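Chemist: Predicted coordinates and the sequence they were generated for:
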Amino acid sequence: MEEKSKKDHRILLNQGEENELEVFGYRTQNLRRALCLTASVLTCGVLPLVFYWRPQWRVWANCIPCPLQEADTVLLRTTDEFQKYMRKKVICLYLSTLKCPVSKNLEESLVADHRSVINHAILKPELKVRYIQVQKIRYVWDNLEKRFQKVGLLEDSHSCYDIHHTFGLGLTGEEQEVRRLVCGPNAIEVEIQPIWKLLVKQVLNPFYVFQAFTLTLWLSQGYIDYSVAIIVLSVISIVLSVYDLRQQSVKLHNLVEDHNKVQVVIIVKGKGLQELESRLLVPGDILILPGKLSLPCDAVLIDGSCVVNEGMLTGESIPVTKTPLPDTDSTMPWKSHSSEDYRKHVLFCGTEVIQVKPSGQGPVKAVVLQTGYNTAKGDLVRSILYPRPLNFKLYSDAFKFIVFLGFLGVVGFFYALGIYINHGVSPKDTATMALLLFSVTVPPVLPAALTIGIVYAQKRLMKKKIFCISPQRINMCGQINLVCFDKTGTLTEDGLDLWGTVPTADNCFQEVHSFALDKTLPWGPLCAAMASCHSLILLDGTIQGDPLDLKMFEGTAWIMEDCNVDYGKFGMSFSNIIIKPGPKASWSPVEAITILRQFPFSSSLQRMSVVAQLAGEDHFHVYMKGAPEMLAKFCRSETGSN
């Protein structure tokens, strides 16, 4: 019975993820709260200061444990080695405040998606939703599962069929209102903290509190010059630190602010197209992609294709082609259907749509998957705002050293206390001298010295346009002696040259065709494949794409043009790409090659392919390239050139 009670009071949040948290439920007790307020007054504010440093003590002092469904306060604890605590208030939302009428019928779902957490979170007939906000992410209480669950995203359990048919026609206006209230705005907002708040946080550091106590004691004993020097140095260090933190906060705010001001067009069920501000988007909305657009949310493409620049996420400004999610009857979760290549259907927040390709059935459409801080860009900003604590040996050793000094101070305090009492010194002088001996063990100038050093290091970094909003990590970075990069182009040259090709004919390899002498590649299946089997795009008259694809295409001396022919009758996606021999190309019996459909490179399949049509022919050709061991499986075993 006792084990069951503990389980009711504790659950795991983000189970299995890097930011996994334990959640404990508590209910505020008025008598305990009154006693804590009285103790705070009697201790002249020392107790609230201790509660500020140890939020779990505040919860334990003011509240009693209770089941999470009854809690008004929750205590969260990280499951890593640091076991860090956070205190959060449980907030209630009331759907009765909405302008649209909301049904109180217990059997009726308020959102069309029956598996949605929102349906399980709304408590009827009160129309109440309980939630907590943890590091910018909202978690609602699921009355069915009896745990807190993340909102602001579509569940991963949806199949391809669900994505197309449950959300394919858009949401109703009433459902949008419910989702907006429960999920919150689609905004990545970084608050510019007031200077007074930054100042209070800096001053309430345990080191500065100890320093204030020490300096007060020294000044009372007449140590004026040394104390004033430390005060001046401390004030300068605090001012510089607050100023730098404020500057970094403003820069980050300005960096993400434009995300919240994008005008978008969505489809509202029963009403058609509607233009609105991106902060009003909710998961499940149908987003229309008219052309160039900075994506304000994560969305999965369901109709048409597009080319995006994901440089904001990957650091590489190579255009990436996104293809629509297949409309299948499978009940398999849509991410599992595409394996690890589900990303080829997803448009990520913060990336730029640079070209859209309608399918001929209407505009390019995408279903909103995640909003706000749940998006890829939001996750990136959160990692900056809430960096994961690192357990550096230097930091732990420094902490042990401070604790050792504090221990010496305590020993000295009691030693001095015993000596002075034994010699009959007055209680006032005894307490003063004992406290003085205790205060000198930990240098009061230490925090100011560390702060000045960090501020100076920040100034040096800023000159090289390196910004840091977690200054305490700078000391740790001084211990780094090895840096590794995961991209070849980071440390090596980005250039690439085409040396030659080895064509095949009559089941055997032919002579090497070298490009060193500026000889163009003669016409043949290899030339057609090199000219068409790639993911290059034509953007503002310039061919862009992967450097390897670009060099391969340039080796054929063919040119790329836009095509306006409708190939919808073949059941193919509209690609708008036509390839023609250039002025320097070898003679070719084919006037043009039209790329009807591209299948972008897949890391799991280890290949890419295109469906193409040669001018003057009624049938199609499929060209493929990829890993040799993978392509060998598609070759005829009787040929000797596979």
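Modeler: Noted; the coordinates are in hand.
Chemist: quick one, what contacts the closest residue in space to residue 54 that isn't next to it in sequence?
Modeler: If you skip the residues right next to it in sequence, residue 54 has residue 85 as its closest partner in space, 7.6 Å away by Cβ to Cβ, 6 or more residues apart in numbering. (C-beta placed from N, C-alpha, C; glycine too.) Contacts here follow Cβ atoms under 8 Å, 6 or more residues apart in numbering; on that basis residue 85 touches 54, 55, 56, 75, 76, 77.
Chemist: Now restrict those residues to buried residues only.
Modeler: When burial is judged by neighbour count using 16 or more other Cβ atoms under 10 Å, the buried members of those are 55, 56, 75, 76, 77.
Chemist: residues in contact with the second one?
Modeler: Applying Cβ under 8 Å, 6+ apart, one finds that residue 56 lies in contact with 75, 77, 85, 87.
Chemist: From the recorded domain assignment, give the ranges for the protein.
Modeler: In the domain annotation for the chain, the residue ranges read 1-89, 263-385, 500-633 (the TED database).
Chemist: Let me know which of those is tucked in deepest.
Modeler: Ranked by mean neighbour count, the domains of the chain are led by domain 263-385 with a mean of 19 (mean count of other Cβ atoms under 10 Å).
Chemist: returning to what we had before: so which of the contacts of residue 85 are in strands?
Modeler: When the contacts of residue 85 are checked against strands using DSSP state E, the ones located there are 75, 76, 77.
Chemist: Next, format the domains of the chain as TSV and append distance to residue 110 and mean pLDDT.
Modeler: Below are the domains of the chain laid out as TSV (distance: least, Cβ to Cβ, whole Å; pLDDT from 0 to 100):
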stretch	distance to residue 110	mean pLDDT
domain 1-89	20	84
domain 263-385	13	85
domain 500-633	36	79
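Chemist: can you list these in TSV and add distance to residue 234?
Modeler: Putting those into TSV (distance: least, Cβ to Cβ, whole Å) gives the following:
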stretch	distance to residue 234
domain 1-89	18
domain 263-385	27
domain 500-633	54
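Chemist: Which stretch among these approaches residue 408 most closely?
Modeler: When the domains of the chain are compared by Cβ to Cβ, domain 1-89 sits nearest residue 408, at 22.2 Å.
Chemist: Pull the distance from the closest one to the chain's centre.
Modeler: Centroid separation between domain 1-89 and its chain, computed with Cα atoms, centre = their mean, to the nearest Å, is 27 Å.
Chemist: Check stretch 542-551 too.
Modeler: Counting by Cα atoms, centre = their mean, stretch 542-551 is centred 29 Å from the centre of its parent chain.
Chemist: Would you mind measuring the gap between the ends of it?
Modeler: Between the opening and closing residues of stretch 542-551 there is a gap of 14 Å (Cα to Cα, to the nearest Å).
Chemist: go on, stretch 529-542?
Modeler: Between the opening and closing residues of stretch 529-542 lies a distance of 21 Å (Cα to Cα).
Chemist: Just the residues contacting that stretch, thanks.
Modeler: Where contact means Cβ under 8 Å, 6+ apart, the residues beyond stretch 529-542 that reach it are 307, 319, 321, 354-355, 501, 521, 543-546, 549-550, 552-553, 555-556, 558, 560-562, 577, 579, 593, 595, 598, 600-601, 608-610, 612, 623-625.
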